[in-house]
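Chemist: below: sequence and its predicted model.
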Amino acid sequence: MEEQNNDNQLNIELSEEIAEGIFSNLAIITHSNTEFVLDFIRVMPGVPKARVKSRIILTPEHAKRLLAAMQDNIEKYEAINGRIKTQEEPPGFPMNFGGPAAQA
């Protein structure tokens with residue numbers, strides 16, 4: 001019988017509000033010599049202004065760990081669901097999302 005070592009166990013709480021998540025379709029990443037800042041933004045079609053919905057600040061070491069964890073998860077996802085297709089986007093972010101312009 002194996003003994004479980006509970007000394008290294010971390011209990012993580014997830015509130016109902018945080019569990020709902022925040023939708024983001026744009027991320028802006030900046031950094032200094034001591035931190036990486038990830039701003040998550042929701043851009044809406046036809047709206048020229050958008051607000052940062054969430055900001056995550058990481059140490060460089062944790063940013064690199066996040067990169068490795070994301071790569072691992074993307075590889076696992078693609079192994080099951082197939083390759084994720086990405087589109088080459090022109091510089092800048094299109095305010096109309098590439099769809100037709102609305103007319104009245």
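Modeler: Here it is on my side, so go on.

Chemist: alpha carbons only: can I get stretch 53-60 in CSV?
Modeler: Extracted C-alpha coordinates of stretch 53-60, given in CSV (Å, rounded to 0.1, in the frame of the first residue of the first chain):
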residue,chain,number,x,y,z
LYS,A,53,-11.0,42.9,-19.0
SER,A,54,-8.2,41.1,-17.1
ARG,A,55,-4.5,41.7,-16.4
ILE,A,56,-2.1,39.0,-15.2
ILE,A,57,1.4,40.0,-14.0
LEU,A,58,4.0,37.2,-14.0
THR,A,59,7.7,36.9,-13.1
PRO,A,60,9.8,35.9,-16.1
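
Chemist: so for stretch 69-80, mean pLDDT?
Modeler: Mean pLDDT, taken over the full extent of stretch 69-80, equals 98.

Chemist: residues contacting that stretch, please?
Modeler: I84 (C-beta atoms under 8 Å, 6 or more residues apart in numbering). Backbone N, C-alpha and C define where each C-beta goes, glycine included.

Chemist: before we move on, what about stretch 82-89?
Modeler: So stretch 82-89 is contacted by 74, 77-78 (C-beta under 8 Å, 6+ apart).

Chemist: how about the residues you listed in JSON lines, adding distance to V43 and secondary structure?
Modeler: Formatted as JSON lines, the contacts of stretch 82-89 follow (distance: C-beta to C-beta, whole Å; DSSP: H, G, I helix; E, B strand; the rest coil):
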{"residue": "I74", "distance to V43": "23", "secondary structure": "helix"}
{"residue": "Y77", "distance to V43": "24", "secondary structure": "helix"}
{"residue": "E78", "distance to V43": "26", "secondary structure": "helix"}
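
Chemist: helices of the protein, start to end?
Modeler: Along the chain, counting by DSSP state H, helices occupy 16-19, 60-81.

Chemist: is it possible to get a markdown table of the contacts of stretch 82-89 that adds neighbour count?
Modeler: Compiled in a markdown table, the contacts of stretch 82-89 are given as follows (neighbours: other C-beta atoms under 10 Å):
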| residue | neighbour count |
| --- | --- |
| I74 | 12 |
| Y77 | 12 |
| E78 | 11 |
